[in-house]
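> Just a sequence and a predicted model for now, questions to come.
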Amino acid sequence: MHVTHLSLADFRSYARVEVPLDPGVTAFVGPNGQGKTNLVEAVGYLATLGSHRVSSDAPLVRMGADRAIVRANVRQGERQQLIELELNPGKANRARINRSSQVRPRDVLGIVRTVLFAPEDLALVKGDPGERRRFLDELITARSPRMAGVRSDYDRVLKQRNTLLKSAALARRHGGRSMDLSTLDVWDQHLARAGAELLAQRLDLIAALQPLADKAYEQLAPGGGPLALEYKPSAADIVGHAREELYEQLMAALAEARKQEIERGVTLIGPHRDDLLLKLGQLPAKGYASHGESWSYALALRLASYDLLRAEGNEPVLVLDDVFAELDARRRERLAELVAPGEQVLVTAAVEDDVPGVLTGARYSVAEGAVERV
C-alpha cells in the first residue's frame, strides 16, 4: 500500500499544495518551520484521525480558514481509492471515499496505515502512561479498524459515568440528599463490556509485539536487551485474555471500588487507567534506561509495530519525521538500513546530510510554503 498523491487545502501552513508521491523513499528537506512535518502529519491523520503533535483539530486548520481538507489517492495492489477528510473544529468532521459522502470519518480507517517515527517517540519510554495507552490503541485500530467504534463507545460511557460520580461526590460534600445511583449499575455494565473488548485487544497485541520488539532492539543495540512488555491493569485481579472473563473481572473490580469512586467522583477502574510497563533486563526502562537506550527502546516499539502490520498483509507507510537528527551515527545507520526496503518511506530532514545515504529516492525542497521536487 502506498499514497500516490497528497492534496491539502488550508491545512496547517498550506493554503493549497499538491504533492505526487512514488513508492520507495521520498525525503522532504528544508529549514525548520517551513512545513515539512505538516505534510507527513496529514498522511498520519488519514491513518489515525489524529495528529502526533496536537490533541485537537483546531491547530490543523490554517489561521483565518474555517476548515481544512486532506485528500489522498491510495494504491493497494491494483486497487486505487480516493479518500478525503474535511476538518471542522467545533463541528463534526466529514469524510468521502471515492467521492461518496455517505461515510463516517472512521470509515476511512484501514485504507491508509502508517507507522510513525518522531522525536515525540521518546515519551513512549519516559512519558506518562497516557502516551503508552495511545500507542497501544492506535496500533489496535490499525490492525482492526472496528476498534475505533469500541474506543469511542468506551470514552462515551466513561464520560457519562464520571459525570454521575462527580454529581454524587458534590452532593455528599455539600450535605445534600443522597443521589439515586441505581443507573450506575447500568453504566458499570457498559463500561465493563467495552473495557473488556479493549483490554483483550491490548493483551493480544502485547503478546504479538513482545518477540518483535525484542528482535528489533537487538538489531538496533546488539547485546543490550532483553526487552519485556508487561501490562499493568488498574484492577489487580485481571487475568486471562477471554472477553467474558475480563468482563466479569472488571465488573467485580468496579463493585469493589464503588465506595472510593463515589468519594472521589471519578472512575478509578478500567483501561483508561492502565499502563504498559517497559522493562530493559530486570529493570523498568523509565527511570533506569540511558538516553540512548530509551531511544533504542522507542524505535524498537515502532519497528515491531511495522513488522506486525506488514505480517498481517497490508504494509504500512513508514514516516520518519526529523528523527535522524536525534540519533547518534550508529543508530541512524541501523534504523535506515532496517526501513529502507519499505514499500513507501516518507522522511523529513532539515538538511540533506541528515538523510542517511542508504535512503535513496525522490527529494522535495520545502521552503516558504512551496514544495518542489528536486
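On my side now, so go ahead.

> which strands and helices sit next to the helix or strand bottoming out on mean pLDDT in the chain?
Ranking every helix and strand in the chain by mean pLDDT, DSSP states H and E puts strand 100-103 at the bottom, with a mean of 82. With contacts defined as 3 or more C-beta pairs under 8 Å, 6 or more residues apart in numbering; DSSP states H and E, the packing partners of strand 100-103 are strand 94-97. Where you see a C-beta, it was placed from the backbone N, CA and C, and this is true even at glycine.

> So which residues of the chain form helices?
Using DSSP state H, the helices of the chain run over 36-48, 122-126, 129-143, 147-173, 182-220, 243-264, 291-311, 329-339.

> Need the distance between the two termini of stretch 217-236.
For stretch 217-236, the separation between the terminal residues is 30 Å (C-alpha to C-alpha, to the nearest Å).

> Can you measure across stretch 32-40, start residue to end residue?
14 Å.

> Residues contacting that stretch, please?
Stretch 32-40 is contacted from outside by 6, 8, 11-14, 17, 19, 28-30, 53, 116, 319, 321-322, 346, 348-350, 366-369, 371, using C-beta atoms under 8 Å, 6 or more residues apart in numbering.

> where's it relative to the chain centroid, distance-wise?
Mean-position distance between stretch 32-40 and its chain equals 19 Å (C-alpha atoms, centre = their mean, to the nearest Å).

> If you count neighbours, what's buried in it?
Within stretch 32-40, the residues scored as buried using 16 or more other C-beta atoms under 10 Å are Gln34, Gly35, Lys36, Thr37, Asn38, Leu39, Val40.

> Below-threshold pLDDT in the stretch 151-300 of the chain: ranges please.
175-180 (pLDDT under 70).

> domains of this protein?
The record's domain parsing of the chain by automatic domain parsing lists 1-113+314-374, 121-313.

> Now find how far off-centre the shortest one is within its chain.
Right, domain 1-113+314-374. Centroid displacement of domain 1-113+314-374 relative to its chain, using C-alpha atoms, centre = their mean, is 15 Å.

> what's the span of that domain, first residue to last?
24 Å.

> thinking again about what came up before, quick check, nearest of the buried residues of stretch 32-40 to Ala148?
Using C-beta to C-beta, the shortest approach to Ala148 within the buried residues of stretch 32-40 belongs to Val40, at 21.4 Å.

> and the gap between that closest one and Leu203?
Taking C-beta to C-beta, to the nearest Å as the measure, Val40 and Leu203 are separated by 31 Å.

> Grab the most central residue of this protein for me.
Geometric centre of the chain, nearest residue: Glu138, 3.8 Å, by C-alpha atoms, centre = their mean.

> Not counting its neighbours along the chain, what's nearest that one?
In space, Glu138 comes closest to Thr48 once its chain neighbours are excluded; the distance is 5.4 Å by C-beta to C-beta, 6 or more residues apart in numbering.

> Verify the stated contact: the one you found with Pro145.
No. Taking contacts as C-beta atoms under 8 Å, Thr48 lies outside contact range of Pro145: 10.7 Å.

> Could you check which of these two is surrounded by more residues?
Neighbour comparison, Thr48 and Pro145: the larger count goes to Thr48, with 20 against 16 (by other C-beta atoms under 10 Å).

> How about the contacts made by that one?
By C-beta under 8 Å, 6+ apart, the contact set of Thr48 is Leu109, Thr114, Glu138, Thr141, Ala142.

> And Glu84, by the same measure?
Ile69, Val70, Arg71, Ala72, Ala95, Arg96, Ile97.

> so what's it bridging to?
Bridge pairing for Glu84 (DSSP bridges) gives the partners Arg71, Arg96.

> Would you check how far apart it and His272 are?
When Glu84 is compared with His272 (using C-beta to C-beta), they lie 31 Å apart.

> Turn the buried residues of stretch 32-40 into TSV, including distance to His241.
Below are the buried residues of stretch 32-40 laid out as TSV (distance: C-beta to C-beta, whole Å):
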residue	distance to His241
Gln34	47
Gly35	44
Lys36	41
Thr37	38
Asn38	40
Leu39	39
Val40	35
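
> May I have stretch 18-28 as CSV, with CA atoms only?
Output of stretch 18-28 as CSV, limited to C-alpha atoms (Å, rounded to 0.1, in the frame of the first residue of the first chain):
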residue,chain,number,x,y,z
GLU,A,18,-0.4,19.2,-4.4
VAL,A,19,2.3,16.5,-3.9
PRO,A,20,2.7,13.5,-6.2
LEU,A,21,4.3,10.6,-4.3
ASP,A,22,6.1,7.5,-5.5
PRO,A,23,6.7,4.1,-3.9
GLY,A,24,10.1,3.8,-2.1
VAL,A,25,11.8,6.7,-0.3
THR,A,26,10.7,10.3,-0.5
ALA,A,27,12.5,12.9,1.5
PHE,A,28,11.2,16.4,2.3
